[in-house]
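J.: Pasting the sequence and the predicted model now:
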Amino acid sequence: MSRNLGAWVLITLGLTGIVGGAGMVYIFSIANQPAPANARTLDAAPSPLLKYGSPALSAVVGLVFLCWGLGMRGSWPRVKSGSGKGSKRTCPNCGHLRPVTAVKCYHCGSSL
Ligand SMILES: [Zn+2]
């Protein structure tokens, strides 16, 4: 359960990073448009590293988190479905849960 939650946190962080990177590109593209004559502008333009590096880093880290989260989320149900109907079944004699690999019931001792 916590693994699935962690996967969704990673997926959320990944999507946030990707969208945030695209948002930074958009903001810098707006900031680069010529300002009106009476507008107050900053003299120092953002450095190319800040302009292209941070959106790219955000998008790449977001993509890594997204793939990581999708991998975690995707592998979890496959492991569970690989062993049939879960890892435990009920005893036909007493109705208690028993492991799938058990030869005899731990509760009533009947052969399975
Ligand atoms: Zn039993």
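T.: Received, thanks. Residues are numbered from 1 along each chain as shown.

J.: Which residue ranges of the chain form helices?
T.: 2-31, 48, 54-82 (DSSP state H).

J.: Can you flag the weakest of these by average pLDDT?
T.: Sorting these by mean pLDDT places helix 48 lowest, at a mean of 74.

J.: Distance from that one to the middle of the chain?
T.: Mean-position distance between helix 48 and its chain equals 30 Å (CA atoms, centre = their mean, to the nearest Å).

J.: just stretch 102-112 next, same as before
T.: 41 Å.

J.: what's it in contact with?
T.: Applying CB atoms under 8 Å, 6 or more residues apart in numbering, the external contacts of stretch 102-112 come out as 91-94, 96, 98. Placement of C-beta: from N, CA and C, glycine included.

J.: The same query, at a cut-off of 10 Å, please.
T.: With CB atoms under 10 Å, 6 or more residues apart in numbering as the test, stretch 102-112 has contacts from 88-101.

J.: Among those, name the ones in strands.
T.: Among the contacts of stretch 102-112, the members falling in strands (DSSP state E) are 88-90, 97-99.

J.: Going by distance to Val9, which of the residues you listed wins?
T.: Of all the ones in strands among the contacts of stretch 102-112, Val9 sits closest to Lys88, with 28.3 Å by CB to CB.

J.: Which residues of the chain lie near the ion?
T.: Contact residues, the chain versus the ion (CB under 5 Å from the ion): 91, 93-94, 105, 107-108.

J.: Can I get the buried part of those residues as one PyMOL selection?
T.: Of the residues of the chain next to the ion, the buried ones can be selected in PyMOL as follows, counting by 16 or more other CB atoms under 10 Å:
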select buried, resi 91+105
